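S.K.: The sequence isn't on hand, but the structure is:
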């Protein structure tokens, strides 16, 4: 798979994502459901701790990707939902720590929502991936 970034402006690169990417030569596409900070039984974890919820949601996303023989470098799009956008943005260094080593800057959208499906959760991440 070949990825070509499209960035008519460079400001988003400072936040860690491309405005768009052209994906060529992909064989498979994986559409992931929203991943949150839940354990293997679906029980919410880290209530009132945005940083830990983000980290666990990313762990869970990586587990789904691994189940499809993929990793974070395969992600072509992220949709992120947070009950407190300002608090989520304080912890976006986690994304740099995870995506930086695999040299991925997928296009993303961050939306503020009043609540998520499971009470107590503050952060959810959906992904599309390809290889």
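M.R.: Looks like it came in fine. Here the structure is a predicted model, which means the values were calculated and not measured.

S.K.: contacts and neighbour counts: CA atoms only from here.
M.R.: Will do.

S.K.: what sits up against the helix or strand containing residue 99?
M.R.: Element membership of residue 99, judged by DSSP states H and E, is helix 93-99. Residues outside helix 93-99 that contact it (Cα atoms under 8 Å, 6 or more residues apart in numbering) are 16, 54-55, 72-73, 105.

S.K.: again, only using 10 Å
M.R.: Contact partners of helix 93-99, identified using Cα atoms under 10 Å, 6 or more residues apart in numbering, comprise 15-17, 51-52, 54-55, 58-59, 71-73, 75, 100, 102-106.

S.K.: quick one, strands of this structure?
M.R.: Secondary structure of the chain (DSSP state E): strands at 2-6, 20-24, 29-35, 75-82, 108-112, 123-130.

S.K.: May I see these arranged in JSON lines, with distance to residue 44 and mean pLDDT as well?
M.R.: Output for these, formatted as JSON lines (distance: least, Cα to Cα, whole Å; pLDDT from 0 to 100):
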{"stretch": "strand 2-6", "distance to residue 44": "35", "mean pLDDT": "93"}
{"stretch": "strand 20-24", "distance to residue 44": "33", "mean pLDDT": "94"}
{"stretch": "strand 29-35", "distance to residue 44": "11", "mean pLDDT": "96"}
{"stretch": "strand 75-82", "distance to residue 44": "15", "mean pLDDT": "97"}
{"stretch": "strand 108-112", "distance to residue 44": "19", "mean pLDDT": "97"}
{"stretch": "strand 123-130", "distance to residue 44": "11", "mean pLDDT": "97"}
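
S.K.: Among the ones you listed, which comes closest to residue 47?
M.R.: strand 123-130 (10.7 Å; Cα to Cα).

S.K.: what lines up beside the closest one in the sheet?
M.R.: strand 29-35 (antiparallel), strand 75-82 (antiparallel) (DSSP bridges).

S.K.: Give me the residues contacting the helix-or-strand element of the chain with minimal mean pLDDT.
M.R.: Counting by mean pLDDT, DSSP states H and E, the chain has its least confident helix or strand at helix 11-15, which shows a mean of 88. For helix 11-15, the surrounding residues in contact (Cα under 10 Å, 6+ apart) are 7, 17-19, 89, 92-93, 95-96, 105, 107-108.
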